[in-house]
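Student: fold the following and give me the result.
(chains A and B)
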Amino acid sequence: MKPPTMRAVRAYLPFATGGLQSLLQYRSMFVITGMTAAAGAAVTVFLWRAVYADTPADGGPGGFTLTGITTYLLVAQVLQVLHTNRVDDEVAAEVYRGDVAVMLVRPVSYPLVRFFASLPVVAANAVLVAVPVLVLFALLVPLTVPRPGDVALFALSTVFSVLIAFCVNLLTGMTGFVTTNTWGVRMVKQSVVAFFAGQLVPIALMPQPLAALARWLPFRGMVDGPLTLLLGRYDGAAGALQVLVQQVGWVLGLGAVCAVLWRAALGRLEVLGG
Amino acid sequence: MIVAHELVKEFKIPERRPGLAGSLATLFTRRHRVVRAVDGVSFEIPAGSRTAYIGANGAGKSTTIKMLTGITTPTAGYCRVRGIEPYRHRQRNARSIGVVFGQRSQLWWDLSVPDSFRILRRIYDIPDPVYRRNLALYRDLLDIDALGTTPVRQLSLGQRMRAEIAASLLHDPAVVFWDEPTIGLDMVLKEAVRELVNHAHRELGTTVVLTSHDIADIAAICDSALVVDRGRVVHQGSIQDLLRSADRRAVLFDHRDPIAPDAACAIVEQGLPGVRATVVDGGRVHVDYPATEFTSRRVLAFLLERFDLADCYAPEPDLEDVLRQIYGQRRDAALREVDAA
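Tutor: Numbers count the residues shown, from 1 in each chain, chains lettered A, B, ... in the order given. Below is the predicted model:
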């Protein structure tokens, strides 16, 4: 995937606007996604709050305070909503049904089309699901107030985390070329990501070998990375930079893997039916 | 314009064994069967022609179209569209072609037709005058405005097909590939599609490649036919020439003579030995004669002489029959070659 030039943006932007138009027809879907996210957040947040109920003010396990762990898990839930870009579902379905053929007769790159089509999904999820859930919990439980600098770092890091999520989901969807059971693959991906991203359990709380593994996987940049920055759990500028550099590295690396695999898949594409 | 040279496409199909035990076995061992969908086809389609690409079921029509549109890569051989190998330069090729797959929609399922067109306009970077001219044309010929703001998923098949055909021509492509495009169109719309193609052909010299099972579609849209059987081109020429090569023709007639339908058949079969006469619905007689032994003139003269004809017509030969005959001859020839050897 080459960096999009102006002409490319002009050609691909309609996939984003068209996608938004399509999305807006399914308003009730966002209500349901919101309720699911809120319920999920409630379960983890209140469970972990019970665990941390009697922690001293200077921090309990993993160096988290009660408000710290609450903030971590809530924002992790919000990030997960931003990673739900539907790319894995749609690519898998289009490959399975052979509809990918229709995309291929157009003068556009399919991975880029999918990327632009995922933007409105992420944006809509952010505005219609993530913000309301965040506001709701902010009213219910005390949260850490981050430093403004950390918020800026977190925002930048979130952009990279969304890009990593796009690549991971694209790769997951592309397994449709080799298996018809993409549902299973997607389930496995979801569990692996939820665990190794530090969404279910903060990486700081994992046993040493597991934490080491998690730190070297791309999924870390999806949840643990941005939250490390938001909560100021890094060692000075170098520490913050390290998180960002690792994320960018994974974005580029996974992007390259996507491009190579996509080319290979096209070479052996056998469109089903017809 | 469009060239295919010894084009081959093979698919690997996993073999599934029957029954539950078989299904379990496939979990552990995978055997593949190689299927040759396109078997060394060579042809040339000149620029500006409207060609029906015809072959029996499984002749690899759709697979060939997929290679010409750059979706699949040939296993061997090559094809070129306007000098480009489509699967090597997919996006470049895509700029100058328009495609309709009868079985799949290329419109946006949740958007209206005008919205889909607006997206296509941006993707293909269609200049304003071209876009406006084409929209006006579709408004006149296809009544596109009637589709309004309904999402594509709620359109009827005929309505959707109309929009698909318009979408494939929107960017003034040099070549259009229509794979079974007129499914669901009524006669009036078929005529409109015909006119649309004629217009594009006249104004822009658009080349059309169509696959269809429906002779009415083919006759309505195409002027030439490319018949492929087992990887070989067995006929390339006008549709009329193809139909003229039919070895059996038919005449149907009604008469006012006071005789039983069976008796009428007997008269025909006795008067013209070698002819088959059968009664079809409503007492109408269907006369089927070998074109090699009888001229239409002789058959019609006989009918006019013996019957008080109320109605009489000679349908076009059935394309399927013509094709079956062509394929049959080739098979016979192949057998003779084997015998001679």
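Student: now residue A:61: closest residue in space, sequence neighbours ignored.
Tutor: residue A:205 (5.9 Å; Cβ to Cβ, 6 or more residues apart in numbering or on different chains). Quick note: C-beta positions are derived from backbone N, CA and C, even for glycine.
Student: need the contact list for residue A:172.
Tutor: A:88, A:91-92, A:182, A:185-186, A:189 (Cβ atoms under 8 Å, 6 or more residues apart in numbering or on different chains).
Student: which pair in those residues spans the largest distance?
Tutor: A:91 and A:189 (12.3 Å; Cβ to Cβ).
Student: so where is chain A shaky, pLDDT-wise?
Tutor: A:1-4, A:268-274 (pLDDT under 70).
Student: the helices in it, which residues?
Tutor: Using DSSP state H, the helices of chain A run over residues A:6-23, A:27-51, A:66-83, A:87-97, A:100-104, A:110-125, A:131-140, A:148-174, A:182-196, A:208-215, A:224-230, A:236-267.
Student: so which of the ones you listed is nearest residue B:23?
Tutor: helix A:182-196 (16.4 Å).
Student: rewinding a little: among the contacts of residue A:172, which one lies nearest to residue A:267?
Tutor: Within the contacts of residue A:172, the smallest distance to residue A:267 is 17.2 Å, found for residue A:91 (Cβ to Cβ).
Student: pick the most buried one from the helices of chain A.
Tutor: Stretch with highest mean neighbour count among the helices of chain A: helix A:224-230 (a mean of 27; mean count of other Cβ atoms under 10 Å in any protein chain shown).
Student: what helices or strands is that one leaning on?
Tutor: Counting contacts by 3 or more Cβ pairs under 8 Å, 6 or more residues apart in numbering or on different chains; DSSP states H and E, helix A:224-230 is packed against helix A:66-83, helix A:148-174, helix A:236-267.
Student: of all those, which one is nearest residue A:128?
Tutor: Nearest to residue A:128, of these and by Cβ to Cβ, is helix A:66-83 at 9.7 Å.
Student: how about the CA coordinates for the closest one, as PDB?
Tutor: Output of helix A:66-83 as PDB, limited to C-alpha atoms (Å, rounded to 0.1, in the frame of the first residue of the first chain):
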ATOM      1  CA  LEU A  66      -8.300   2.000  42.100                       C
ATOM      2  CA  THR A  67      -9.100   5.000  39.800                       C
ATOM      3  CA  GLY A  68      -6.100   4.000  37.600                       C
ATOM      4  CA  ILE A  69      -7.300   0.500  36.900                       C
ATOM      5  CA  THR A  70     -10.900   1.800  36.400                       C
ATOM      6  CA  THR A  71      -9.600   4.300  33.800                       C
ATOM      7  CA  TYR A  72      -7.400   1.700  32.200                       C
ATOM      8  CA  LEU A  73     -10.200  -0.900  31.700                       C
ATOM      9  CA  LEU A  74     -12.800   1.700  30.600                       C
ATOM     10  CA  VAL A  75     -10.500   3.200  28.000                       C
ATOM     11  CA  ALA A  76      -9.500  -0.300  26.900                       C
ATOM     12  CA  GLN A  77     -13.100  -1.000  26.200                       C
ATOM     13  CA  VAL A  78     -13.400   2.300  24.300                       C
ATOM     14  CA  LEU A  79     -10.300   1.400  22.200                       C
ATOM     15  CA  GLN A  80     -11.800  -1.900  21.400                       C
ATOM     16  CA  VAL A  81     -14.900  -0.200  20.000                       C
ATOM     17  CA  LEU A  82     -12.600   1.900  17.700                       C
ATOM     18  CA  HIS A  83     -11.000  -1.300  16.500                       C
END
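Student: so what's the residue count around residue B:20?
Tutor: 7 (other Cβ atoms under 10 Å in any protein chain shown).
Student: isn't residue A:218 right next to residue A:166, touching?
Tutor: No: assessed by Cβ atoms under 8 Å, residue A:218 is found out of contact with residue A:166, at 11.8 Å.
Student: next, the contact list for the closest residue to residue A:74 other than its chain neighbours, please.
Tutor: In space, residue A:74 comes closest to residue A:137 once its chain neighbours are excluded; the distance is 5.2 Å by Cβ to Cβ, 6+ apart. For residue A:137, the contact set (Cβ under 8 Å, 6+ apart) comprises A:38, A:41, A:45, A:74, A:143.
Student: can you check residue B:67 too?
Tutor: By Cβ under 8 Å, 6+ apart, the residues touching residue B:67 are B:4, B:7, B:9, B:38, B:73-74, B:79, B:86-87.
Student: can you check residue A:129 too?
Tutor: Residues in contact with residue A:129, defined by Cβ under 8 Å, 6+ apart, are A:30, A:33-34, A:37, A:81.
Student: distance of it relative to chain B?
Tutor: Relative to chain B, residue A:129 is positioned 20 Å away (Cβ to the nearest Cβ, to the nearest Å).
Student: from residue B:110, how far out is that residue?
Tutor: Distance from residue A:129 to residue B:110, counting by Cβ to Cβ, to the nearest Å: 20 Å.
Student: kindly report the same for residue A:170.
Tutor: 21 Å.
Student: how many neighbours does the nearest residue to residue A:194 once chain neighbours are set aside have?
Tutor: Leaving aside its sequence neighbours, residue A:194 sits nearest to residue A:200 (Cβ to Cβ, 6+ apart; 5.1 Å). Residue A:200 has 15 neighbouring residues, counting by other Cβ under 10 Å.
Student: give me the phi and psi angles of residue A:200.
Tutor: Here is the backbone geometry of residue A:200 (degrees, to the nearest 10): phi -80, psi -50.
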